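Chemist: Sequence first, predicted model second:
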Amino acid sequence: MPSTDLSTDAGYPNNPYHNATHAADVVRTTHVLAHAACLTAHHLDTLGLLALYFAAVIHDFGHPGLTGDFLVATSHPLALRYNDRSPLENHHASAAFTLMAERPELDAFEGLSREQRIAFRKQVVELVMGTDMKQHFGLLSQFTNAVS
């Protein structure tokens, strides 16, 4: 049986904020908001809900405790790797999926079909990328236009 405990594999270093406790808080808040907004009844299928929860778990996976702006300003290897575009968010998604690829015993999604895995990964990456606060107002505008 695959493990879903990515935190013990250096995914959430012991830093003051971006740690496993923060991840658990975000998962709980995501659950409350998803159900309060009736996303589970009207907008998300089972795979989408799984992607939402997994994105909440990994949204700060491997966070170095520095801001994206600092990484870019100091030419940190993550900023260089991701061409200064959302280096933290790119790293969070990439590091989690890379860990599962390298350690299959941690891949809780091995039972998904190829098509489901592709859709799942795409959704998770989009959700994690949406946590970049530099993108916040653009995403909020898209959301507002969509519900108007």
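Modeler: Structure received. Numbers count the residues shown, from 1 in each chain.
Chemist: For this protein, give me the ranges with low pLDDT.
Modeler: For the chain, the stretches with pLDDT under 70 are 1-10.
Chemist: ranges for the helices of it?
Modeler: For the chain, the helices identified by DSSP state H occupy 20-36, 39-42, 46-58, 68-73, 77-81, 87-102, 114-129, 136-147, in order along the chain.
Chemist: What is the burial count for the closest residue to Asn15 other than its chain neighbours?
Modeler: In space, not counting the residues next to it along the chain, Asn15 is nearest to Gly65; the distance is 4.0 Å by Cβ to Cβ, 6 or more residues apart in numbering. All C-beta atoms are positioned from the backbone trio N, CA, C, and that covers glycine. Other residues near Gly65 come to 13 when the count uses other Cβ atoms under 10 Å.
Chemist: ok, now the one 3 residues further on?
Modeler: As a burial measure, Gly68 scores 22 neighbours (other Cβ under 10 Å).
Chemist: cool, the one 5 residues further on as well?
Modeler: The local packing count at Ala73 equals 12, with neighbours defined by other Cβ under 10 Å.
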